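J.: Below is the sequence, then the predicted model.
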Amino acid sequence: MAPKQGSVEVGPPAQPGQGRARRSFVSPDELVTSPQPGSISVLAHILDHAVDEFADVQALGWRDTIDVIKEDKDVKKIVGGKEVTEKKTWSYFHLSDYKWWTYAQFKENVDAVGSALRHVGCEPNSVFNIYSATSRHWQVMANACAQQGITFATAYDSLGEQGLQHSINEPSAYGIFTNANLLHTLAGVVAKTPSLRIVVYDGPASDVPPGALDTLKSTRKEGEDPLQVYTFDDFVKMGKEHPSEPHLPGPEDVACLMYTSGSTGPPKGVQITNANIVATIGAVQKLIGHIVCKGETYLAYLPLAHIMEFAVEMCFMYVGARMGYGSVKTLTDASVRNCLGDLRALQPTILVGVPAVWETIRKGIVSKVKASGAVKSKVFDLGMAAKRFGGRGSFLGNLADKVVFEAVKQGTGGKLKYALSGGAPISKETQEFLSIALVLIIQGYGMTESTAMCCLLPPEMHQYQTVGVPVPSCEVKLVDVEEAGYKSSNSTPEGEIWIRGPSVTKGYYKQDDLTKEAWTDDGWFMTGDVGRWNKDGTLSVIDRKKNLVKLSGGEYIALERLESLYGSCEYAARIMVHADSNASRPMAVIFPHEQNLKQLAKELGVSGDIGTMVHDDKVRDAVLKNLNAVGKKAGLKPLEQLSSVVLTDEEWTPQNGLLTAAQKLNRKKIAQTYKQEIDAVYP
Ligand SMILES: Nc1ncnc2c1ncn2[C@@H]1O[C@H](COP(=O)(O)OP(=O)(O)OP(=O)(O)O)[C@@H](O)[C@H]1O
């Protein structure tokens with residue numbers, strides 16, 4: 001049953017300019033430190049517990065690559081005002097069915113890799129870097145480090161040479177785990193990473209870039225030891241031949257040095273202790289243990305270098321759930337060949353995604369429904385209306401599920417029970433649409449500094465536009481942001497979100513100045529996000545302090561909130577709202593949803609592909625009109641309406657730097673890249 005109040009005021013009376021601290025309704029008297037205080041105090045205890053309880057249960061699943069199929073496509077682009085056609089080659093994977101390790105087999109590999117790490121000289125308290133795509137081997141490396149008291153530092157696999165070099169050099173990493181196809185980038189930096197001694201890589205020999213292994217083995221300065229390079233399989237074999245006892249760290253030792261994705265500046269290394277991780281797992285169990293439990297199947301595809309994915313997987317490991325690894329490139333049937341996509345092959349019961357993923361799924365469904373013709377579109381709309389009116393579990397809701405939404409649900413394997421959205425704000429429209437047509441989406445709010453979740457909405461409290469209640473390992477208070485009018489004395493208390501508790505970390509690695517700026521002396525982490533307490537004790541995130549812009553009229557607008565609202569415009573695949581303090585209103589830069597934009601262009605009588613469409617005035621005006629209609633419907637004030645829009649034709653990706661590695665907007669880079677276009681239309 002849903003509680004009346006999701007959070008409870010605790011502790012001393014509020015200080016001037018602040019609200020009182022609040023804690024979760026499930027544990028107001030004490031903060032949770034572990035799922036089993038006394039027996040689980042470090043990260044390595046989680047896997048030990050899983051093996052004790054679930055040794056023969058399927059743990060980690062993967063798909064082998066049977067073949068890679070290349071297909072050529074013609075792509076039209078505008079170069080120097082002229083349309084040119086380029087040939088591009090796409091690679092599609094033919095994959096096997098899922099294969100599984102039990103928890104006992106997973107542990108066997110962790111023990112072997114832990115032993116191998118010690119055998120090659122990686123000592124407790126040293127740092128080992130994981131620069132790899134999400135996979136079971138990533139988890140083997142991390143858990144092996146945890147077992148030997150070695151800190152693992154994470155690096156997104158989308159990092160280029162500069163970022164990689166920084167993430168090896170800052171913590172003086174002794175070794176690195178990577179994938180065959182990333183060896184080329186690694187080879188490009190090894191001359192400048194003197195601390196590095198060991199390289200372990202996985203993946204087929206055919207993925208190793210020509211010459212990369214020779215460069216790795218030969219590029220060292222005089223006097224430096226040559227690099228030792230191992231395949232993952234050889235490393236496991238070596239560990240089995242040279243077993244080492246585990247060397248467990250203490251709870252306050254740093255288990256993971258995790259770099260933020262850098263949406264507000266250069267990435268910072270957050271020092272996450274064993275105790276922080278264990279507290280997060282305990283808190284999730286206490287709050288939503290009834291849905292994160294044994295028997296569930298989880299599709300793991302987000303980057304493990306991001307705290308949300310890592311924390312979620314550790315929570316599932318604790319309860320002995322099944323985790324099947326997949327990739328954004330192979331999720332759907334359309335993105336693979338001669339086999340099912342990961343979603344239908346695995347049939348997950350729980351899915352986690354960032355808002356960009358949910359937006360893509362919603363727009364994909366909308367565009368399919370539209371293409372199915374007027375009658376089917378009408379039936380779909382009726383189904384939406386019936387379930388909205390009747391509610392989840394009602395006769396009407398169940399009928400709509402059966403008759404209208406079954407096909408949509410089958411697209412994700414047909415077994416989904418819950419989905420979690422986090423990492424950035426999701427629009428109400430998208431959350432509501434998918435919660436009706438696909439699966440209940442609950443929100444979580446958190447950050448690397450809080451070891452993932454600091455608020456989470458239990459499904460029985462389901463509602464939109466809130467990130468939930470404080471998790472039981474974290475207390476939360478709001479502190480006034482005077483200049484923007486966010487105050488604890490407002491009728492619904494508002495202010496900057498400050499957090500404290502066992503899952504909140506204590507600082508950045510080698511960045512004392514930044515640590516002092518972000519943590520108070522009494523342990524509160526100042527998140528920089530602005531929040532609001534709702535009447536039922538849930539928290540809503542209104543914006544990020546750094547993204548509040550004062551317009552020429554003197555009023556503040558909240559860029560991220562506007563992005564999440566305008567983001568539901570069907571023509572936008574990605575949107576950045578941009579504002580200048582000399583202007584009276586904001587504007588938007590958009591990477592369009594190609595199919596939906598094509599449909600619009602057709603209706604306007606504009607032909608050509610994306611390169612042509614984005615430069616057409618009629619198309620641009622129609623998109624702007626649609627955006628402002630979306631804004632008006634969401635109740636935006638006139639000064640929050642967009643004055644102009646720039647449409648772009650290059651996809652925004654972490655590789656071209658327009659998104660961060662966690663798929664968030666890299667505002668500076670987008671504004672720089674499209675400066676000319678923005679200046680041309682923005683007053
Ligand atoms: N559900 C949510 N709603 C709104 N914002 C969210 C939500 N979840 C996370 N965020 C945003 O993400 C931030 C944490 O992100 P993360 O720790 O991944 O670092 P980053 O923003 O990617 O990088 P950096 O801190 O370097 O800018 C939060 O402070 C908040 O602004």
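T.: That came in fine, so what should we check first?

J.: Can you give me the pLDDT of the residue in the stretch 101-250 of the chain that the ligand sits nearest to?
T.: Per Cβ to the nearest ligand atom, Y156 is where the stretch 101-250 of the chain lies closest to the ligand, at 10.4 Å. C-beta coordinates here come from the backbone N, C-alpha and C atoms, glycine included. On pLDDT, Y156 comes in at 91.

J.: again, but for V319
T.: pLDDT at V319 comes out at 98.

J.: show me the contacts for it.
T.: Contacts for V319 (Cβ atoms under 8 Å, 6 or more residues apart in numbering) come out as Q285, G289, V292, C293, K294, E296.

J.: what do you get for P251?
T.: Counted by Cβ under 8 Å, 6+ apart, P251 has contacts S41, V42, T273, N274, A275, V278.

J.: Report how many residues lie close to the fourth one.
T.: Here the neighbour count serves as a burial measure; for N274 (other Cβ atoms under 10 Å) it reads 25.

J.: The ligand contacts on the chain?
T.: By the rule Cβ under 6 Å from any ligand atom, the part of the chain lying against the ligand is 260-264, 267-268, 422-425, 443, 445-448, 467, 527, 529, 541, 544, 660, 662, 664.

J.: Filter those residues down to just the ones in strands.
T.: Among the residues of the chain next to the ligand, the members falling in strands (DSSP state E) are Q443, Y445, G446, M447, T527, D529, V541, R544.

J.: Quick one: those as TSV, columns for neighbour count too.
T.: As requested, these are exported to TSV (neighbours: other Cβ atoms under 10 Å):
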residue	neighbour count
Q443	24
Y445	29
G446	24
M447	23
T527	23
D529	23
V541	22
R544	20
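
J.: Now tabulate these in CSV and tack on pLDDT.
T.: Listed next are those as CSV, based on pLDDT from 0 to 100:
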residue, pLDDT
Q443, 95
Y445, 96
G446, 96
M447, 95
T527, 97
D529, 95
V541, 94
R544, 88
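
J.: buried ones in stretch 284-293?
T.: Residues V284, Q285, K286, L287, I288, I291, V292 are the ones in stretch 284-293 that count as buried (16 or more other Cβ atoms under 10 Å).

J.: starting at the chain centroid, how far to that stretch?
T.: Mean-position distance between stretch 284-293 and its chain equals 20 Å (Cα atoms, centre = their mean, to the nearest Å).

J.: Just the endpoints, please. Distance across it?
T.: Taking Cα to Cα, to the nearest Å, stretch 284-293 runs 11 Å from one end to the other.

J.: which outside residues touch that stretch?
T.: With Cβ under 8 Å, 6+ apart as the criterion, stretch 284-293 contacts 24, 26-27, 32, 35, 311, 315-316, 318-319, 321, 350, 417-418, 453, 456, 458-459, 469, 471-472.

J.: Now a ChimeraX select for only the buried ones of these.
T.: Here is the ChimeraX command that selects the buried residues among the contacts of stretch 284-293 (16+ other Cβ under 10 Å):
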select :24,26,27,32,35,311,315,316,318,319,321,350,418,453,456,458,459,469,471,472
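
J.: Test my guess that P28 contacts V8.
T.: Yes: between P28 and V8 a contact is recorded at 4.2 Å, counting by Cβ atoms under 8 Å.

J.: Name the residue in the two with the higher neighbour count.
T.: Neighbour count, other Cβ under 10 Å: between P28 and V8, V8 has more, with 20 against 17.

J.: tell me the contacts of that one?
T.: V8 neighbours (Cβ under 8 Å, 6+ apart): R22, R23, S24, F25, P28, G537.

J.: Take the residues you listed and lay them out in CSV including secondary structure and pLDDT.
T.: Formatted as CSV, these follow (DSSP: H, G, I helix; E, B strand; the rest coil; pLDDT from 0 to 100):
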residue, secondary structure, pLDDT
R22, strand, 97
R23, strand, 98
S24, strand, 97
F25, coil, 96
P28, coil, 95
G537, coil, 96
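
J.: Switch those residues over to JSON lines; also include distance to T515.
T.: Below are the contacts of V8 laid out as JSON lines (distance: Cβ to Cβ, whole Å):
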{"residue": "R22", "distance to T515": "25"}
{"residue": "R23", "distance to T515": "25"}
{"residue": "S24", "distance to T515": "27"}
{"residue": "F25", "distance to T515": "32"}
{"residue": "P28", "distance to T515": "29"}
{"residue": "G537", "distance to T515": "31"}
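
J.: now the stretch 401-550 of the chain, which segments are flagged as low pLDDT?
T.: Low-confidence segments of the stretch 401-550 of the chain (pLDDT under 70): none present.
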